[in-house]
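**Student:** model this:
(chains A, B and C)
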Amino acid sequence: MKQFTHRVEVSTRGKGLYPITREIESWAKAQGLRTGLLTAFIQHTSASLTIQENADPDVVRDLDEFFERLAPEDADWYRHIIEGPDDMPAHIRAALTPTQLSIPLVEGRLALGTWQGIYVFEHRSRPHRRSIVLHLAGE
Amino acid sequence: MKQFTHRVEVSTRGKGLYPITREIESWAKAQGLRTGLLTAFIQHTSASLTIQENADPDVVRDLDEFFERLAPEDADWYRHIIEGPDDMPAHIRAALTPTQLSIPLVEGRLALGTWQGIYVFEHRSRPHRRSIVLHLAGE
Amino acid sequence: MKQFTHRVEVSTRGKGLYPITREIESWAKAQGLRTGLLTAFIQHTSASLTIQENADPDVVRDLDEFFERLAPEDADWYRHIIEGPDDMPAHIRAALTPTQLSIPLVEGRLALGTWQGIYVFEHRSRPHRRSIVLHLAGE
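**Tutor:** Numbering: from 1, shown residues only, chains lettered A, B, ... in the order given. Take a look at the predicted model:
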């Protein structure tokens, strides 16, 4: 078995989902393996990785509103407020969503379902540069 | 190190947990490895994989009610409603629960704790056929 | 590629986050690999693994309060109450937070971001002894 690692950088412009499926798929394909396991790991505590459907942009808007309602910026009981009103909600969102995803590689392709896309889920309001480490092992 | 992949299909009949521990364990055992890592990946955006206790069916009922209350079907603020009242709640549930699980194989057995079972967590009301891709690497 | 497994035991004293980064990093380093994938798997259904920031203890307090509010001990609709008021909330917390984390090993070090720490997230009130199985594969 062989191994490969890579780093993907994503620029975010506020809360929401940023697609990275194509970038991950094309890197995985370029390593030339038939069978294996790809792992994506985001190196942050206020952004996550998530798999969602891409078809309707309303899904993304509703998802964002759900998390705004679940962990609102103006909750009066937060103690940790020094880094801005979006910071403690970002910690909560990060606790509820994945830091890491592993996807099997089968017959040379990532085994994503028809409607599955991989996204960086940004939890902060201001622009950030997010770093995702990829690991692929197989043959 | 060797690698194996496999596909498990699960028929669901509405929201709730469907056990798949036995099917995964028996496939993993049949590959004859002593040490390794098993990864299960569900190829859908409206069903998840979860590890929960199996002892009391009330746990499953309460879990389901928790998610019904957290993301109710009749919330008046959803924009994405064209695929039915259970669709946007399904996206929210899927964002909050795992698409993928990896479990070490130690001394020829999956390292599940005594009370841990693996389940497909269905988020839609109607019957579905769900597909889970398994990957096992080790020796 | 080589593989290694190990078990880490953590004593908890009630709900909250218990750091295990140093123990995992030092074990991973001792195996002498340059590139690989480390997987941590917690063998329980009422405790999780999570990656969070360590800087401000208020973050941990707020996170705990968020989960207390999300799944309160005194909700009047729980059916599963025989194991104590903190038991059903523990199942809910465990459903919402990871049982397993996989982290790439790059240039001999776990690819954790600057602010990322690995924690056992205890969901029960009484002291427990928690068992985490580690798997490392690479070369």
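**Student:** residue in chain A nearest to chain C?
**Tutor:** The minimum distance from chain A to chain C, using CB to the nearest CB, falls at A:Gln43 (3.2 Å). Quick note: C-beta positions are derived from backbone N, CA and C, even for glycine.
**Student:** that residue and C:Gly113 touch, don't they?
**Tutor:** Yes - in this structure, A:Gln43 is within contact of C:Gly113 by CB atoms under 8 Å, at 3.2 Å.
**Student:** so which residue is dead centre in chain A?
**Tutor:** Central residue of chain A (CA atoms, centre = their mean): A:Leu49, 1.9 Å from the mean position.
**Student:** looking at this, that residue is in a strand?
**Tutor:** Yes - membership of A:Leu49 in a strand is supported by DSSP: H, G, I helix; E, B strand; the rest coil.
**Student:** residues in contact with it?
**Tutor:** Residues in contact with A:Leu49 (CB atoms under 8 Å, 6 or more residues apart in numbering or on different chains) are A:40-42, A:97-101, A:118-121, A:132.
**Student:** in chain A, what residue spans correspond to strands?
**Tutor:** A:2-13, A:16-19, A:36-42, A:47-53, A:100-106, A:109-110, A:116-122, A:127-138 (DSSP state E).
**Student:** tell me the strands beside the fourth one, with direction?
**Tutor:** Right, strand A:47-53. strand A:116-122 (antiparallel) (DSSP bridges).
**Student:** and the strand it pairs with, what's its mean pLDDT?
**Tutor:** What strand A:116-122 shows for mean pLDDT is 96.
**Student:** kindly report the same for stretch A:9-22.
**Tutor:** Stretch A:9-22 comes out at a mean pLDDT of 96.
**Student:** that stretch close to chain C?
**Tutor:** No - figure legend: stretch A:9-22 not in contact with chain C (CB under 8 Å from any CB of the partner chain); closest approach 12.8 Å.
**Student:** report the buried residues of that stretch.
**Tutor:** A:10, A:12, A:15, A:17, A:20 (16 or more other CB atoms under 10 Å in any protein chain shown).
**Student:** what about that stretch, how long is it end to end?
**Tutor:** Its start and end residues considered, stretch A:9-22 measures 13 Å (CA to CA, to the nearest Å).
**Student:** thought A:Arg93 was touching A:Arg124?
**Tutor:** No - shown here, A:Arg93 and A:Arg124 do not form a contact pair, counting by CB under 8 Å, at 9.6 Å.
**Student:** residues shared between the contacts of those two?
**Tutor:** Counting by CB under 8 Å, 6+ apart, the shared contacts of A:Arg93 and A:Arg124 are A:Ser46.
**Student:** so, low pLDDT: which residues of chain A?
**Tutor:** By pLDDT under 70, the low-scoring segments of chain A are A:55.
**Student:** elements contacting the longest helix along chain A?
**Tutor:** In chain A, with assignment by DSSP state H, the single longest helix is helix A:57-70. Applying 3 or more CB pairs under 8 Å, 6 or more residues apart in numbering or on different chains; DSSP states H and E, we find helix A:57-70 packed against strand A:16-19, strand A:47-53, helix A:87-96, helix B:87-96.
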